[in-house]
Each structure stands twice: as structure tokens, then as C-alpha cells.
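Participant: Sequence plus the predicted model coming up.
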Amino acid sequence: MKLKLLLITAFAALLLSGCGFAVSSQNSGRNETPSAENASSGIKGADLFGEANQQKNTADNRKPPKKAPLSNAVCPHPDKPCHHKEKQFAEWELPFRLPAKIQPNKTISSAPFYAVLLKTYDSVEDCDGGEYIEEAEAERKRLQNLQLERKVFASYGCPNMDAVSYDFEGRYDAAKEMVLIDNFIAIYAGETKEEAEQLRKQMLDEYPKAVVKRMTANWERIEQ
């Protein structure tokens, strides 16, 4: 009798143990599946953001660094002249940055730039506008109204001790004693020859003799 009771008890214990193992295994499976999915999702998310940040950094590295403007850079936008307390640039002049302190009778030169020389006028033309030639200034103004992003400037061989002058190949002879190109109108064409050539081609229909020139603008405060 005791043996039979012991057998029944042992069998019951075995059944209970098996059920517990099955429940535990079932619950364990339920918990592991979401954890695996979450882990996988986390890895994918990390890879996605990491790749995006890497692409952004690569794009940022491709951007050329911005250059600070030179202290003597020209101001080529018609609506943004860079006047100085000692020099108010004339409407037909290409302004450029001047030092804070001006030394009298000392020439100040701008940074080099490219321009398209559009038209020249005979040096015997009368300065009927006083400091300028009326015909040339009318042409310059007409063109400036069409060119809103680039300064159209002119040089006049008229009596004007405060005028800006321009140096470039062909303006003077080899000894730099005689002015060969005295009166002209030109348009600012950028800092590279390639940009200037593109602009020259655009202007050829109206100005078939247009040429590219690398220039510097010059000014000095004359005191006698």
C-alpha cells in the first residue's frame, strides 16, 4: 500500500514538473522574440543615422571654404559701393576698399581683377561733361541699367585730380610714359579669366571688339 502511494506521488510530481518546464519554455520564447526584433531594429537605426551623418560630413567636406575679402578688394556690385570718408567714388568709377588711414600723394592699388573692355573713345574727345565725356557716360548708364549684378565703369582722360585710374596691358607704352587707351567703358568680369571670357562672348553681339583685360584700380589723395 505504501509502495503504491509513493508511486502515485512520484508520478504526480513528474507531471507537474513537465508542465512547469513547458510553460517556462513558452514564456521564454515569447520574451526572446521581441528582444531580438528590438535589438535588430536598434542596429538598423544606428546604421541609418551613422550613414546619414557620414554622408553629411562628406558633403560638408566637399564645400570650398569661404574666402575672406581682401583689404583692397574691388566692390563690383552696382548697389553696394564701398565708399571711404576721404573718397566718395564717382558714379562711373569702380570702387575698391581703401585703408583706414590715407597717406597723401601715395598711390593705393586694388587687388587685381578681370574686366571686359567694351569700347574706347578717341583721346581728342572733348570732356563736355566736365569730368567725363557725355556720349560715353550715356552709353555706360544705358548698359548699367541692363547689367544689374556687375559694375559698368569708365575712365575719362579729363581734368580730375580725384579720379580713379586703371592699369592694364595696352593702356601704356613699354616705357609707361604715353597713354594709349585713355577713354573707355568696361564691365567687371570676375576674378578668373575663364569667367571673364564667358562674359566677353555674351557681349560680342553688341561690342564685337570687346577684349578681356586683367586690371588694377588706383587712386591717391593729391596734396600740393
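Facilitator: The structure has been received and is ready for your questions. Numbering: from 1, shown residues only.
Participant: Could I have the CA atoms of stretch 194-205 written out in PDB?
Facilitator: Extracted as PDB, the C-alpha positions of stretch 194-205 are listed here (Å, rounded to 0.1, in the frame of the first residue of the first chain):
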ATOM      1  CA  GLU A 194      37.500  81.900 -67.600                       C
ATOM      2  CA  GLU A 195      34.600  83.900 -66.100                       C
ATOM      3  CA  ALA A 196      35.800  86.900 -68.000                       C
ATOM      4  CA  GLU A 197      35.900  85.100 -71.300                       C
ATOM      5  CA  GLN A 198      32.300  83.800 -70.800                       C
ATOM      6  CA  LEU A 199      31.100  87.400 -70.200                       C
ATOM      7  CA  ARG A 200      33.100  88.600 -73.300                       C
ATOM      8  CA  LYS A 201      31.300  86.100 -75.500                       C
ATOM      9  CA  GLN A 202      28.000  87.300 -74.200                       C
ATOM     10  CA  MET A 203      28.800  90.900 -75.100                       C
ATOM     11  CA  LEU A 204      30.200  90.300 -78.600                       C
ATOM     12  CA  ASP A 205      26.900  90.900 -80.500                       C
END
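Participant: Tell me the spacing between Ala136 and Gly130.
Facilitator: As judged by C-beta to C-beta, to the nearest Å, Ala136 and Gly130 stand 13 Å apart. All C-beta spots, glycine's among them, are computed from the backbone N, C-alpha and C.
Participant: Which one of the two is surrounded by more residues?
Facilitator: Comparing Ala136 with Gly130 by other C-beta atoms under 10 Å, the one with more neighbours is Ala136, at 21 against 10.
Participant: Run through the bridge partners of the nearest residue to that one once chain neighbours are set aside.
Facilitator: Leaving aside its sequence neighbours, Ala136 sits nearest to Tyr121 (C-beta to C-beta, 6 or more residues apart in numbering; 5.3 Å). Tyr121 has these beta-bridge partners by DSSP bridges: Asn183.
Participant: can you check Arg214 too?
Facilitator: Arg214 has the following beta-bridge partners by DSSP bridges: Tyr114.
Participant: Run through the residues that contact it.
Facilitator: Pro112, Phe113, Tyr114, Phe168, Glu169, Lys193 (C-beta atoms under 8 Å, 6 or more residues apart in numbering).
Participant: now those: which count as buried?
Facilitator: Among those, those classed as buried by 16 or more other C-beta atoms under 10 Å are Phe113, Tyr114, Phe168.
Participant: Point out where the protein drops to low pLDDT.
Facilitator: Along the chain, the parts satisfying pLDDT under 70 run over 1-69.
Participant: quick one: the helices in it?
Facilitator: Assigned by DSSP state H, the helices in the chain fall at 2-62, 134-144, 193-203.
Participant: Quickly note the distance from Phe113 to Lys209.
Facilitator: Look at Phe113 and Lys209: by C-beta to C-beta, they are 21 Å apart.
Participant: Look at the residue nearest to Arg171 when sequence neighbours are not counted and say how many residues are nearby.
Facilitator: If the residues on either side of it in the chain are set aside, Arg171 comes closest to Ile181, at 4.8 Å by C-beta to C-beta, 6+ apart. As a burial measure, Ile181 scores 18 neighbours (other C-beta under 10 Å).
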